[in-house]
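sharing a sequence plus its predicted fold:
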Amino acid sequence: MSNFVFVCDTEKRPLNPVRPGLARRLLNTGKAAVFRNYPFTIILKVVATASSESITLKLDPGSKTTGIALLFDSKVIFGAELTHRGQAIKASLDSRRALRRGRRNRHTRYRQARFLNRTRQKGWLAPSLQHRVETTLTWVNKLRRLAPINSIVQELVRFDLQQLENPEISGLEYQQGILCGYEIREYLLNKWNRKCAYCNIEKVPLQVEHIQPKAKGGSNRISNLCLACEQCNQKKGTQDVKRFLAKKPDILKHILAQAKRPLKDAAAVNSTRWALFSRLKETGLPVSTGSGGLTKFNRTRLQLPKTHWLDAACVGQLESLSVVTSKPLLIKATGHGTRQMCRTDKFGFPSRYVPRNKFVKGFQTGDIVKAVVTSGKKIGEYVGRVAVRSTGSFNISASELVQGISHKYCKTIHHKDGYSYSF
């Protein structure tokens, strides 16, 4: 079953989401109209008098993808996976930095130093990290306008729920909690990419392995732990890792380097979690938190597959869960284009100019359109993002790029908003 359909009344006040069948009947009988395609929302033609039920919004912030789930009465009625563009932002900033450094090294006019007016404010985040916070908050606000959300649950603390519940916890108590094994395994699964460290096999049960065996003086520190399949674990036994991998120097070098490597994605997520938490508190809704270990504990107990949106549904304290939707909305941040008015070749010389007017025949690049071509060589129906041309002959990116579609055949179904959508 697909996601529930969002509903708002004629004054755009959010109501309870309904099943797709009921939404279809409302549309066919003329009692409602399509208000938004992504996520699909209908608007009633009357003012609603019934009170709306409360819905919980759950978030699982990630380095590359954030899971989103809406729960009503322990039922997952909507799921989405939001893919960030942090790496694209970082690449653009690196390119800009290289160009500016090149200019400084050339013999050009003197530019006064500006380092004294570039102090960073308290709580500053790198642009690629700030983007993750702002994009997630954008979708929180969008969903609040489409559904009667009364609370938010966020996965905040990655690996240490016990200290939140008991600030004075210490010593052996850390090793006696019910979530201890889940916290450590979740960390190792992220660090070793869910593969065996010795043979790189994946999608098999993995065991926690001591790189330097305890029989040879190895410790239980995280830096001395990795993941191994049962066959490799038994084959290694209590051998020294250098002896075990004597004939595989490349793998040995990788394991020793990986053991000391910090978790880059986890560091990025941990940098933004508190910033996102404080911004969510500003919404005025009650915000509660849970850890990554608790999320995995809930997901394993409920026997759910590992996906971002189901991880979000399992965040926080949870007794039971019923998943009544199976197709999450896949949202990808694409940005709003560039302000660059002149395109250059690889040597930096102008190659072409961009028209000042972004709209052509009522369309702009990034709109999602439906084109029904009835004549010519490209007869068919195409749905996708459009790239406009001043001639009125557009390109449509559907499953594949289709060029030369006249604007006369195009109809806008979703205006450009900086995101692409799929299921």
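Right, received. Where do you want to start?

now the strands for the stretch 201-350 of the chain?
Using DSSP state E, counting those that start in this stretch, the strands found in the stretch 201-350 of the chain span residues 206-210, 225-229, 287-290, 322-323, 329-333, 342-344, 350-353.

of those strands, which is nearest D60?
strand 287-290 (9.4 Å; CB to CB). C-betas here are computed from N, CA, C, even on glycine.

give the other helices and strands that the closest one contacts.
strand 149-155, helix 264-281 (3 or more CB pairs under 8 Å, 6 or more residues apart in numbering; DSSP states H and E).

buried residues, the first one. List them.
The one in question is strand 149-155. Neighbour counts over strand 149-155 (16 or more other CB atoms under 10 Å) mark I149, I152, V153, Q154, E155 as buried.

what's in contact with that strand?
Contacts with strand 149-155, where a contact means CB atoms under 8 Å, 6 or more residues apart in numbering, come from 54-61, 70, 140, 143, 273, 276-277, 280, 283, 285-292, 295, 311-312, 315-316.

partner strands of it, with direction?
Paired strands of strand 149-155, with direction, are strand 55-60 (parallel), strand 287-290 (parallel) (DSSP bridges).

just say which of these is most tucked in.
strand 55-60 (a mean of 24; mean count of other CB atoms under 10 Å).

report the angle between that strand and helix 264-281.
Angle, strand 55-60 to helix 264-281, by axes from the mean of the first three to the mean of the last three CA atoms, to 10 degrees: 150 degrees.

count of neighbours near S92?
Neighbourhood size, S92 [other CB atoms under 10 Å]: 15.

same deal with the one 5 residues further on?
Counted by other CB under 10 Å, the residues lying close to R97 total 10.

contacts made by the helix or strand hosting it with the rest, please.
Per DSSP states H and E: R97 is located in helix 86-105. Residues from elsewhere that reach helix 86-105 (CB under 8 Å, 6+ apart): S63, K64, R111, A126, P127, S128, L129, H131, R132, A268, G335.

now with 7 Å, please.
P127, S128, L129, H131, R132 (CB atoms under 7 Å, 6 or more residues apart in numbering).

for ChimeraX, what selects the buried ones among those?
In ChimeraX, a selection of the buried entries from the contacts of helix 86-105 looks like this (16+ other CB under 10 Å):
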select :128,129,131,132
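
out of the strands paired with strand 149-155, which gets the lowest mean score?
Least confidently modelled of those is strand 287-290, at a mean of 88 by mean pLDDT.

now stretch 414-423: mean pLDDT?
Mean predicted confidence for stretch 414-423 is 87.

give me the distance between the two termini of it.
Terminal residues of stretch 414-423 lie 15 Å apart, using CA to CA, to the nearest Å.

tell me how far that stretch lies from the chain's centre.
Computed by CA atoms, centre = their mean, to the nearest Å, the chain-centroid distance of stretch 414-423 equals 15 Å.

same question, stretch 375-388
The mean C-alpha position of stretch 375-388 is separated from the chain mean by 30 Å, CA atoms, centre = their mean.

tell me the spacing between K214 and N224.
9 Å (CB to CB, to the nearest Å).

for stretch 28-36, buried residues please.
So stretch 28-36, judged by 16+ other CB under 10 Å, has buried residues A32, R36.

what does stretch 415-423 give?
K416, Y419, S420, Y421.

elements contacting whichever helix or strand comes after the helix holding R97?
Downstream of helix 86-105, the next assigned helix or strand under DSSP H and E is helix 127-146. Applying 3 or more CB pairs under 7 Å, 6 or more residues apart in numbering; DSSP states H and E, one finds that helix 127-146 contacts strand 55-60, strand 65-72, strand 75-83, helix 86-105, helix 264-281.

the residue nearest to E81 when sequence neighbours are not counted and V372: what is the separation?
Using CB to CB, 6 or more residues apart in numbering and skipping the chain neighbours, the partner closest in space to E81 is H308 (4.6 Å). From H308 across to V372, the span is 35 Å (CB to CB).

who's more crowded, these two?
H308 (22 against 12).

using JSON lines, lay out the strands of the stretch 201-350 of the chain together with distance to F6.
Formatted as JSON lines, these follow (distance: least, CB to CB, whole Å):
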{"stretch": "strand 206-210", "distance to F6": "40"}
{"stretch": "strand 225-229", "distance to F6": "41"}
{"stretch": "strand 287-290", "distance to F6": "22"}
{"stretch": "strand 322-323", "distance to F6": "18"}
{"stretch": "strand 329-333", "distance to F6": "11"}
{"stretch": "strand 342-344", "distance to F6": "40"}
{"stretch": "strand 350-353", "distance to F6": "42"}
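
wait, D345 touches S351, no?
Yes. Counting by CB atoms under 7 Å, D345 does reach S351; the two are 4.6 Å apart.

what number of residues lie near the nearest residue to Q231 once chain neighbours are set aside?
Among residues not flanking Q231 along the chain, C199 sits closest, at 7.8 Å (CB to CB, 6+ apart). By the measure other CB under 10 Å, the count of residues near C199 is 15.

one step back: who wins for proximity to L245 among the strands paired with strand 149-155?
When the strands paired with strand 149-155 are compared (using CB to CB), the closest one is strand 55-60, at 35.8 Å.

contacts for that closest one, please.
Counting by CB under 7 Å, 6+ apart, 66-72, 136, 140, 143, 147-155, 295, 308, 311-313, 315 sit against strand 55-60.

so where do the helices sit in the stretch 151-300 of the chain?
161-165, 180-191, 230-236, 241-244, 249-260, 264-281, 292-301 (DSSP state H, counting those that start in this stretch).
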